[in-house]
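Peer 1: Mind looking at a prediction? Sequence and model below.
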Amino acid sequence: MFLRFRDEPLGTHLTVNHKAMNPYYIHAIDRAIAITLHLEATGDLHQSLDVAFRENIPTQVRAIATGLSYTLASRWGVVNKVLEEVQGENLTRSSSLLRAALRVGATEVLWQSKHPIEVSQALGRVLRDKTCRKILPRIRWVLKRVATFSWPRPRNFQEHAFWTYFFPPQMAEKLKYLYGEPGALHFMAFVNQEKPTTTIRANRTRISPEELAQRLAQKGTPTKPSPLVEDFLLLETTHPVMRLEEFQEGLFTIQDPASGLAVVRLLEGKPASSILDACAAPGRKTGYLRGLAPEALLVAGDLSFSRLLKTREELRRLGHRAHLVAADGSCPPFKNGTFTHILLDAPCSGSGTLWSHPERRWFRKDQDLENLVQTQKAILEALFPLLIPGGRILYATCSLWREENEDVIQDFLESHPRARLISQERLAPHTHGTTGFFMALLEKNLP
Ligand SMILES: C[S@@+](CC[C@H](N)C(=O)[O-])C[C@H]1O[C@@H](n2cnc3c(N)ncnc32)[C@H](O)[C@@H]1O
């Protein structure tokens, strides 16, 4: 493990001035290592942040560790590549703790312009407490090499995507297929540079969007109306709005306007008297369905019982009622011809959420996609007969990929002569400022 070490007399000239180091920084590095370990095990950045910040962590520490973790998560594959190149061996040969420390350290050196010695000292402080002193010289050696790593000059689109925009080549190719080369580069640059905006939906049954905007502004949380859907407001700050009493009182929910548009599209044009939200949890769209169709029978189903409990909580907070049913959408427990409207917000790869979940560019597998597509097709197939003649179903995903979107719909239309496509839309961060979203509205023709 320490073979390469002999090349260079290491760190003998370094003095570690612990007292001069900012304690917030050391604490942040400690949390960043915890987040990185969790991220490697789960592939879920938001969950990793929640776990690492469970205790009471000072705001300054949170801010540093969160920023660092987002940078690392979005550049995960590139950090790994640099570390493997400078060490001349596969990262899997290091322990998980060493890998995490190196990833955190390399991110600081490469993108926060931190000096490798400073970062090594901070890592030293953290790891010494974990009785891991013997890996410290190794870390110092690697980070010094990272600091002088000569960045490759990209020769083609895939290399450009990897080294300039930090996207896996295969994913970049998929983006190119969707948006063309300039569009794909625009997409990648956009999600890297722009901070995702938090959007909220006013609960119209309790407050108008204008009144809500006024109340939030008085509390130092300015908003502006979403250009896409009426009831939505874009936050102009990063205030944690879930802590506001207006949230607790159920005056609003946090929701992406693209997901709101799906509900609007389903309900516009035809009055709804019975609605099935087949994959409802955690209930964001169910709440909006209830808000826009207060008189309709509303059934919210989901395969996951525990997620359905979250739906119940969400509906209660908003003061809404609906029938909740734990059920598999591919064999739904309802008679044919029961519903005038069905929302199928299908389980999907979530590739449309790459903006707010930067780690997803590195942690998703293609074989997951094939299984998902089978599930999406099976649920659509099983739900369509539940519509009354003339009824409507909206198929939606927060995926960018054609396989989960246009291909599913085309396949379905080809094998179901009674299904008529009314509209089909795609939204994306770089074109609409929303999560990547797909929706197709189908109507069931009379026999
Ligand atoms: C995209 S999420 C739904 C988000 C929700 N509509 C909202 O707006 O809050 C997909 C949901 O599908 C559920 N699901 C997965 N497979 C399912 C199946 N076979 N039948 C019903 N629900 C399923 C998952 O548990 C997950 O809650």
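Peer 2: That came through, no problem.
Peer 1: Would you map out the domains in this structure?
Peer 2: What automatic domain parsing lists as the domains of the chain is 3-147, 157-193, 199-254, 257-444.
Peer 1: Adding mean neighbour count and mean pLDDT, write the ones you listed out as CSV.
Peer 2: Every C-beta, even on glycine, is put in place using the N, C-alpha and C of the backbone. Formatted as CSV, these follow (neighbours: other C-beta atoms under 10 Å; pLDDT from 0 to 100):
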stretch, mean neighbour count, mean pLDDT
domain 3-147, 18, 86
domain 157-193, 18, 97
domain 199-254, 17, 94
domain 257-444, 20, 96
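Peer 1: now the ones you listed in JSON lines, with distance to the ligand?
Peer 2: As requested, these are arranged in JSON lines below (distance: least, C-beta to the nearest ligand atom, whole Å):
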{"stretch": "domain 3-147", "distance to the ligand": "15"}
{"stretch": "domain 157-193", "distance to the ligand": "20"}
{"stretch": "domain 199-254", "distance to the ligand": "9"}
{"stretch": "domain 257-444", "distance to the ligand": "3"}
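Peer 1: is residue 420 in a bridge, and if so with what?
Peer 2: On the basis of DSSP bridges, residue 420 is bridged to residue 443.
Peer 1: Correct me if wrong: it contacts residue 440.
Peer 2: No - in this structure, residue 420 is not within contact of residue 440 by C-beta atoms under 8 Å, at 11.1 Å.
Peer 1: All the strands of the stretch 251-400 of the chain, residue numbers only.
Peer 2: Using DSSP state E, counting those that start in this stretch, the strands of the stretch 251-400 of the chain run over 252-254, 274-277, 297-302, 323-326, 339-345, 387-397.
Peer 1: would a markdown table of those strands with distance to residue 95 be doable?
Peer 2: Shown next, in a markdown table, are the strands of the stretch 251-400 of the chain (distance: least, C-beta to C-beta, whole Å):
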| stretch | distance to residue 95 |
| --- | --- |
| strand 252-254 | 38 |
| strand 274-277 | 46 |
| strand 297-302 | 39 |
| strand 323-326 | 42 |
| strand 339-345 | 41 |
| strand 387-397 | 38 |
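Peer 1: Of all those strands, which one is nearest residue 427?
Peer 2: Comparison of the strands of the stretch 251-400 of the chain against residue 427 by C-beta to C-beta identifies strand 387-397 as nearest, at 10.5 Å.
Peer 1: and the closest one, what does it pack onto?
Peer 2: helix 257-267, strand 339-345, helix 366-383, strand 437-444 (3 or more C-beta pairs under 8 Å, 6 or more residues apart in numbering; DSSP states H and E).
Peer 1: For residue 287, see how far away the closest residue in space to residue 307 that isn't next to it in sequence is.
Peer 2: Leaving aside its chain neighbours, residue 307 sits nearest to residue 281 (3.3 Å; criterion: C-beta to C-beta, 6 or more residues apart in numbering). Using C-beta to C-beta, to the nearest Å, residue 281 is found at 12 Å from residue 287.
Peer 1: related to what we said a few turns ago, to residue 397, which of the helices and strands packed on strand 387-397 lies closest?
Peer 2: Closest among the helices and strands packed on strand 387-397, using C-beta to C-beta: strand 437-444, at 5.2 Å.
Peer 1: could you give the angle of the closest one to strand 339-345?
Peer 2: 160 degrees (axes from the mean of the first three to the mean of the last three C-alpha atoms, to 10 degrees).
Peer 1: Pull the distance from strand 437-444 to the chain's centre.
Peer 2: Centre-to-centre, strand 437-444 and its host chain are 23 Å apart (C-alpha atoms, centre = their mean, to the nearest Å).
Peer 1: Mind giving me the packing neighbours of it?
Peer 2: Looks like strand 437-444 contacts helix 257-267, strand 387-397, helix 406-415, strand 419-427 (3+ C-beta pairs under 8 Å, 6+ apart).
Peer 1: The third one to strand 387-397, inter-axis angle?
Peer 2: Using the same axes, to 10 degrees, one finds that helix 406-415 and strand 387-397 are set 160 degrees apart in direction.
Peer 1: So what touches helix 406-415?
Peer 2: 373, 376-377, 380-381, 384, 395, 419, 421, 424, 438, 440, 442 (C-beta atoms under 8 Å, 6 or more residues apart in numbering).
Peer 1: Can you tell me which residue is spatially central in the chain?
Peer 2: What sits nearest the mean C-alpha location of the chain, by C-alpha atoms, centre = their mean, is residue 357, with 3.2 Å.
Peer 1: can I assume that residue is in contact with residue 45?
Peer 2: Yes - contact between residue 357 and residue 45 holds when scored by C-beta under 8 Å: they sit 6.3 Å apart.
Peer 1: can you give me the helices in the stretch 1-150 of the chain?
Peer 2: For the stretch 1-150 of the chain, helices defined by DSSP state H, counting those that start in this stretch occupy the ranges 23-42, 45-52, 59-74, 76-87, 96-111, 116-129, 136-147.
Peer 1: relative to helix 23-42, how tilted is the third one?
Peer 2: Between the direction of helix 59-74 and that of helix 23-42, the angle (the same axes, to 10 degrees) works out to 40 degrees.
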